[in-house]
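Participant: model this:
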Amino acid sequence: MVIERFKEAPAIYQRLHEKGRMMPEGLNYVSSWIADDLKTCWQLMETDDFSLFDHWIDNWRDLIDFEIVPVRTSTEVREMMNEQF
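Facilitator: Residues are numbered from 1 along each chain as shown. Okay, the predicted model is just below:
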């Protein structure tokens, strides 16, 4: 899960319109939710290579502060827990 704190929403959407997400191959966008005040975005992404986040963030760090939180689905956690019992 990526938590983005927008510095300037109009500039972000202008760049997105002009250049797209600018994500490296292997980093996949799943979905996102944006706060009504346009200051925070919660973005679900997938990758097998955590280092790809660095390449993607470099394209946006002037407009967004990022926090990356590795997450699992509830099904994955349930299966992981079931193996321990």
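Participant: measure E18 to S31 for me?
Facilitator: 22 Å (CB to CB, to the nearest Å). In short, each C-beta sits where N, CA and C put it, glycine included.
Participant: my error: substitute G20 in the last question.
Facilitator: Distance from G20 to S31, by CB to CB: 16 Å.
Participant: equivalent analysis for L16, please.
Facilitator: Using CB to CB, L16 is found at 15 Å from S31.
Participant: H55 now?
Facilitator: H55 sits 21 Å away from S31, going by CB to CB.
Participant: the two: which has the busier surroundings?
Facilitator: Neighbour count, other CB atoms under 10 Å: between H55 and S31, H55 has more, with 15 against 8.
Participant: send me the particular helix or strand that has M80 in it as PDB with only the CA atoms.
Facilitator: Element membership for M80, per DSSP states H and E: helix 74-84. Extracted in PDB, the C-alpha atoms of helix 74-84 (Å, rounded to 0.1, in the frame of the first residue of the first chain):
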ATOM      1  CA  SER A  74      -6.700 -11.100   4.500                       C
ATOM      2  CA  THR A  75      -6.900 -14.500   2.700                       C
ATOM      3  CA  GLU A  76      -3.100 -14.700   2.600                       C
ATOM      4  CA  VAL A  77      -2.800 -13.900   6.300                       C
ATOM      5  CA  ARG A  78      -5.500 -16.500   7.200                       C
ATOM      6  CA  GLU A  79      -3.700 -19.100   5.200                       C
ATOM      7  CA  MET A  80      -0.400 -18.200   6.900                       C
ATOM      8  CA  MET A  81      -2.000 -18.400  10.300                       C
ATOM      9  CA  ASN A  82      -3.700 -21.700   9.600                       C
ATOM     10  CA  GLU A  83      -0.300 -23.200   8.800                       C
ATOM     11  CA  GLN A  84       0.800 -22.400  12.400                       C
END
